[in-house]
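Colleague: Please work out how this folds:
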Amino acid sequence: MGKILFIDVDGTLVDYETNLPDSAVEAVRRARKNGHRVYICTGRSKAEIYQDIWDIGLDGMIGGNGSYVEDHGNVVLHRLISKEESKRIVDWLHDRKLEFYLESNNGLFASENFESRADASLKEYARRKGIDGADRVTVRSIFPDMIFGGELYREDLNKVSYMLHSYQDFLDTRAQFPDLESGTWGGRGEEALFGDLGVKGITKGKAIEHLLHYLNADKSDTIAFGDAKVDIPMLEACAYGVAMGSGGDEIKKVADFITDDVDKDGLYHAFSRLNLI
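Modeller: A predicted model of the protein is given here:
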């Protein structure tokens, strides 16, 4: 067996406008042809892995920041938020008037007013990521397959993301759900735009460990590629870690190597430097 490669999606495999560089596709295909295994390792649920990504050719995926693991179509691990806890989350967010969307392998399910109220936050998120035409970003352009008007009391949830009116909303929600994993995204600390809730103890790193056990493989054969703080456990779980040049300072500090920006063929250059292609 060659190396086992774990690649984050947003900001690593695709740019912040979800464009997939041809060079990244070539790098993955050549690496697999050379006998290496390639898995995406992402916060997205399977419903958000669109066909253009699968068409690259992959050995599997880690989704929901580690709650779901798949190898060649076989489900290796899937840890869900319980139906009772899901109902409690939905009721709490409704009571707080915090719009949200539910993330599952069967789709993304938006709360009643998410489309209209999340518009400004997503535009700000796009501006922070340096996306051209950020003011034209909409909920439907960011989440093209999001389901509106669907059932919100569900038993298939990997994660829940919700809008923040203030950082206090995150602090209160974290205190309300101590048995779940709480995080924020879209900015650091008080600048965060969204909060999220997931299964306690789930990380990309722990999911990698679970997959390696399933494959009877060793950490020494692993390389991780990421761009954000949430990817740090992924880099720490692997023998070698690569940060994208367009990534954040926090992940660059723990990486073994910093490649070029995602939209400047960073993934391809990293694969070449590491003699994967």
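
Colleague: spatially speaking, which residue is in the middle of the chain?
Modeller: residue 43 (2.0 Å; Cα atoms, centre = their mean).

Colleague: Just give the nearest non-adjacent residue to it, would you?
Modeller: For residue 43, ignoring the flanking residues on the chain, the nearest one in space by Cβ to Cβ, 6 or more residues apart in numbering is residue 65 at 4.6 Å. C-betas here are computed from N, CA, C, even on glycine.

Colleague: could you show me where the helices are in this protein, in order?
Modeller: Per DSSP state H, the chain carries helices over the ranges 22-33, 51-54, 83-95, 114-117, 119-128, 139-142, 167-176, 204-215, 232-237, 249-254, 266-273.

Colleague: so can I have a markdown table of those helices showing mean pLDDT, distance to residue 153 and mean neighbour count?
Modeller: Below are the helices of the chain laid out as a markdown table (pLDDT from 0 to 100; distance: least, Cβ to Cβ, whole Å; neighbours: other Cβ atoms under 10 Å):
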| stretch | mean pLDDT | distance to residue 153 | mean neighbour count |
| --- | --- | --- | --- |
| helix 22-33 | 98 | 38 | 18 |
| helix 51-54 | 95 | 30 | 12 |
| helix 83-95 | 97 | 5 | 16 |
| helix 114-117 | 95 | 16 | 16 |
| helix 119-128 | 91 | 25 | 16 |
| helix 139-142 | 91 | 22 | 15 |
| helix 167-176 | 97 | 18 | 16 |
| helix 204-215 | 96 | 27 | 20 |
| helix 232-237 | 96 | 31 | 23 |
| helix 249-254 | 93 | 36 | 14 |
| helix 266-273 | 97 | 40 | 22 |
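
Colleague: So which of the ones you listed is nearest residue 69?
Modeller: helix 204-215 (5.2 Å; Cβ to Cβ).

Colleague: for that closest one, packing partners?
Modeller: strand 4-7, strand 37-41, strand 60-63, strand 68-71, strand 74-78, strand 222-226, helix 232-237 (3 or more Cβ pairs under 8 Å, 6 or more residues apart in numbering; DSSP states H and E).

Colleague: Can you spell out which helices and strands pack onto the third one?
Modeller: When you say that, I think you mean strand 60-63. strand 37-41, strand 68-71, helix 204-215.

Colleague: Show me how far it is from its chain's centre.
Modeller: How far strand 60-63 lies from its chain's middle: 10 Å, per Cα atoms, centre = their mean, to the nearest Å.

Colleague: Please save the CA atoms from it in CSV.
Modeller: What follows is strand 60-63, C-alpha atoms only, in CSV (Å, rounded to 0.1, in the frame of the first residue of the first chain):
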residue,chain,number,x,y,z
GLY,A,60,-13.9,7.3,0.4
MET,A,61,-14.7,10.1,2.7
ILE,A,62,-14.8,11.4,6.3
GLY,A,63,-17.7,13.8,6.7
